[in-house]
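> My questions are about this predicted structure, shown below with the sequence.
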Protein chains: 2
Amino acid sequence: MSEETIHIARTRSEVQRCIRSARAESKRIGLVPTMGALHEGHLSLVRAAKRCCDFTAVTIFVNPTQFSPTEDFSKYPRTIDEDLKALRELGVDLVFMPEREELYPDRFSTYVLPPAVSDPLEGQFRPEHFRGVATIVLKLFNLLPADVAFFGQKDYQQCQVIRHMVEDLNIPVEIQVCPIVREPDGLAMSSRNRYLSPEDRVRAVALSEAVSEAARLVQAGMTDSAAVTKCMHDILHRAGVTKIDYATVADACTLKPIDQIDRPAVALIAVYVGATRLIDNTLLPAK
Amino acid sequence: MSEETIHIARTRSEVQRCIRSARAESKRIGLVPTMGALHEGHLSLVRAAKRCCDFTAVTIFVNPTQFSPTEDFSKYPRTIDEDLKALRELGVDLVFMPEREELYPDRFSTYVLPPAVSDPLEGQFRPEHFRGVATIVLKLFNLLPADVAFFGQKDYQQCQVIRHMVEDLNIPVEIQVCPIVREPDGLAMSSRNRYLSPEDRVRAVALSEAVSEAARLVQAGMTDSAAVTKCMHDILHRAGVTKIDYATVADACTLKPIDQIDRPAVALIAVYVGATRLIDNTLLPAK
């Protein structure tokens, strides 16, 4: 029924005009930034936006500045027809899908130097990644000033980077983090799951098994980070997942390593399954 | 007559509430960011804002992140009573004068990595300066979302840094650059002029003499940057100004050095007169 009302904007001026008119009607605006290749995780963010906002905007942009030259920017999945179909069905009001030049013209040279929480974990393995993420997210917040923006907990560190950036730079937007959406066997939904061979798809279940075992152990009273970490590594190894960037326990806010799980904490994993890099995480029950 | 209506805000929430209510009345909002110690240059920005906006906000904040440890942050002039008196008389609506902790709490760690135009000139002599400037200006744009923000051409490179940042980060604000305001003898107004001894005050006139001679030469047909630059150095030296950070001609947009003045260009000077660092500049008449 909302098929008539979806607006697809490809330019900055178009998207700004559209947001401005929603603002003029005093609508509460929800923003869901994505790189497309939408799965149930993304759609859960859209549904959350629809629930608490009067106007839902989704952006689809595979952001080049968050990929390193060795990463999968050029082969990152693009499924634009299916994406738009799903967003139409959910009654999204606005989709912003710009070309690269619209956001990064030739002389572009200003970036966000992301907060300290970007340094560990992903920051160690993908050094410029969060600089690119923070920069594009700030640009989108400026182009589509929203009341609430929705991000998935799957990218836990990204959520913290964005939360800290919003606080530090006084960006007038509320950040809502939505739970990880999982396949029936536990694998966290990801646009990159489609890269997995059938064998790797089986192995990939080890990530969610490892983080949920970590949560179980902490729930049962284990407070030693090293012991929890060892269990996660064991589960990954047993599944044949041996290229581990990290599988660790960190402070839930700063993402610094902790020895004792005596405060809000999070178990995080980044591994390669075959050639595909996958991540997962879970919050650990606070004492 | 406007003495009753000036609002002095010291907290983020206060200033946001005040701006939000001006927005709700559809007022056109003008923003003049300053570090206080207001002189006629600043006041000309306020008058420009008053002319084209319905609501004028001035910020007074000596921004620590734009000073290096060896610079004059702690002794930077603070003349808050005189500043407020002048702003009241001009009919300013809102003054935001926060404490340091209000804008830079302990865990603050997100910065703007400023555009390429920040690299030459000041960027060579004050390496972190524009990172601090870009960061505080972005924060103020977020806290006091204005339709137009006013900056003085005195800080020419700063104006370009802000313009490029606004474009790159898609910040929804219009930047207006106002002309340099000078003393009767030509010295560009600056909060730092009060540091000058009587002898240095006389010497300091060489800056404006040098840039205006540069403009005269180019007007008269000189196109060789080196020749124009030499004239500026000669004038400074004759006046006894020998500690020259730069006195040069650059592309008016990128601030990169140019050999031939065959496009919009600018003559810029930064020198020490006694212990006081002063800057000046002038646009060079395009061919």
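Noted; the coordinates are in hand.

> Please count neighbours and contacts with C-alpha atoms only from this point.
Fine.

> so what strands line up beside the strand or helix carrying residue A:278?
Using DSSP states H and E, the element containing residue A:278 is strand A:276-284. For strand A:276-284, the paired strands and their directions (DSSP bridges) read strand A:265-273 (antiparallel).

> For the residue lying closest to residue A:64 once chain neighbours are set aside, grab the count of nearby residues.
Nearest non-adjacent residue to residue A:64, counting by CA to CA, 6 or more residues apart in numbering or on different chains: residue A:73, 6.5 Å away. Counted with other CA atoms under 10 Å in any protein chain shown, residues neighbouring residue A:73 total 15.

> same check, this time on residue A:79
A count of neighbours around residue A:79, defined by other CA under 10 Å, yields 11.

> Could you report the separation of it from chain B?
Going from residue A:79 to chain B by CA to the nearest CA, to the nearest Å gives 27 Å.

> need the strands for the stretch 101-250 of chain A, in chain order.
In order along the chain, the stretch 101-250 of chain A carries the following strands (DSSP state E, counting those that start in this stretch): A:111-113, A:148-152, A:174-178, A:243-251.

> now the angle from the last one to strand A:276-284?
Looking back up the chat, that one is strand A:243-251. 20 degrees (axes from the mean of the first three to the mean of the last three CA atoms, to 10 degrees).

> So for strand A:243-251, what gets flagged as buried?
When burial is assessed from 16 or more other CA atoms under 10 Å in any protein chain shown, strand A:243-251 yields the following buried residues: A:244-251.

> again with stretch A:270-287
Result for stretch A:270-287 [16+ other CA under 10 Å]: buried residues A:270-274, A:276-285.

> Flag every residue of the stretch 1-150 of chain A that's near chain B.
Contact residues of the stretch 1-150 of chain A with respect to chain B, defined by CA under 8 Å from any CA of the partner chain, are listed as A:103-104, A:108-116, A:135, A:138-139, A:142-143.

> Could you do the stretch 151-287 of chain A as well?
When proximity is defined as CA under 8 Å from any CA, the stretch 151-287 of chain A approaches chain B at A:164-165, A:168-172.

> For residue A:149, see how far away residue A:24 is.
Counting by CA to CA, to the nearest Å, the separation of residue A:24 from residue A:149 is 19 Å.

> between those two, who's got more neighbours?
residue A:149 (23 against 9).

> What sits closest to that one if chain neighbours are left out?
Among residues not flanking residue A:149 along the chain, residue A:31 sits closest, at 4.6 Å (CA to CA, 6+ apart).

> Let me see the ranges of the helices in the stretch 1-150 of chain A.
Using DSSP state H, counting those that start in this stretch, the helices assigned to the stretch 1-150 of chain A run over residues A:12-24, A:40-52, A:80-89, A:100-103, A:122-125, A:129-143.

> Would you mind putting the ones you listed into TSV with mean pLDDT alongside?
Below are the helices of the stretch 1-150 of chain A laid out as TSV (pLDDT from 0 to 100):
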stretch	mean pLDDT
helix A:12-24	96
helix A:40-52	98
helix A:80-89	98
helix A:100-103	98
helix A:122-125	98
helix A:129-143	98
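
> out of these, which comes closest to residue A:205?
Comparing the helices of the stretch 1-150 of chain A by their distance to residue A:205 (CA to CA), the top pick is helix A:40-52, with 16.7 Å.

> What residues sit buried inside that closest one?
A:40-50.

> Stretch A:180-200 too?
In terms of neighbour count (16+ other CA under 10 Å), stretch A:180-200 has its buried residues at A:180-181, A:187-191, A:193, A:195-196, A:200.

> what sits up against that stretch?
Contacts of stretch A:180-200 with the rest of the structure, by CA atoms under 8 Å, 6 or more residues apart in numbering or on different chains, involve A:37-41, A:44, A:76-77, A:152-154, A:201, A:204-205, A:207-209, A:273-274, A:276-278, A:280.

> what's the span of that stretch from first residue to last?
Its start and end residues considered, stretch A:180-200 measures 21 Å (CA to CA).

> so what's the closest residue to chain B within the stretch 151-287 of chain A closest to, chain neighbours aside?
Nearest to chain B, among the residues of the stretch 151-287 of chain A, is residue A:169, at 5.0 Å (CA to the nearest CA). Residue nearest to residue A:169 in three dimensions, not counting chain neighbours: residue B:139, with 5.0 Å by CA to CA, 6+ apart.

> what does residue A:5 give?
residue A:93 (6.4 Å).

> what about the one you found, neighbour count?
Residues contacting residue A:93 under the criterion other CA under 10 Å number 24.

> Tell me the spacing between the most centrally placed residue in chain A and residue A:282.
Central residue check for chain A by CA atoms, centre = their mean: the C-alpha nearest the mean position is that of residue A:155, 3.8 Å away. With distances defined as CA to CA, the gap from residue A:155 to residue A:282 amounts to 11 Å.

> And for residue A:107?
Relative to residue A:282, residue A:107 is positioned 40 Å away (CA to CA).

> do residue A:189 as well
Separation of residue A:189 from residue A:282 (CA to CA): 14 Å.

> Residue A:10 now?
36 Å.

> How about residue A:11?
The gap separating residue A:11 from residue A:282 is 37 Å, by CA to CA.

> and what of residue A:213?
As judged by CA to CA, residue A:213 and residue A:282 stand 10 Å apart.

> so what's the residue nearest to residue A:64 up against?
Taking CA under 8 Å, 6+ apart, we find residue A:73 in contact with A:62, A:64, A:67.

> and which of these is nearest chain B?
The nearest member of these to chain B, counting by CA to the nearest CA, is residue A:64 at 14.9 Å.

> contacting residues around stretch A:43-63?
Contacts of stretch A:43-63 from elsewhere in the structure, counted by CA under 8 Å, 6+ apart, are A:22, A:27-36, A:73, A:76, A:87, A:90, A:92-100, A:132-133, A:136, A:148, A:150-152, A:178, A:181.
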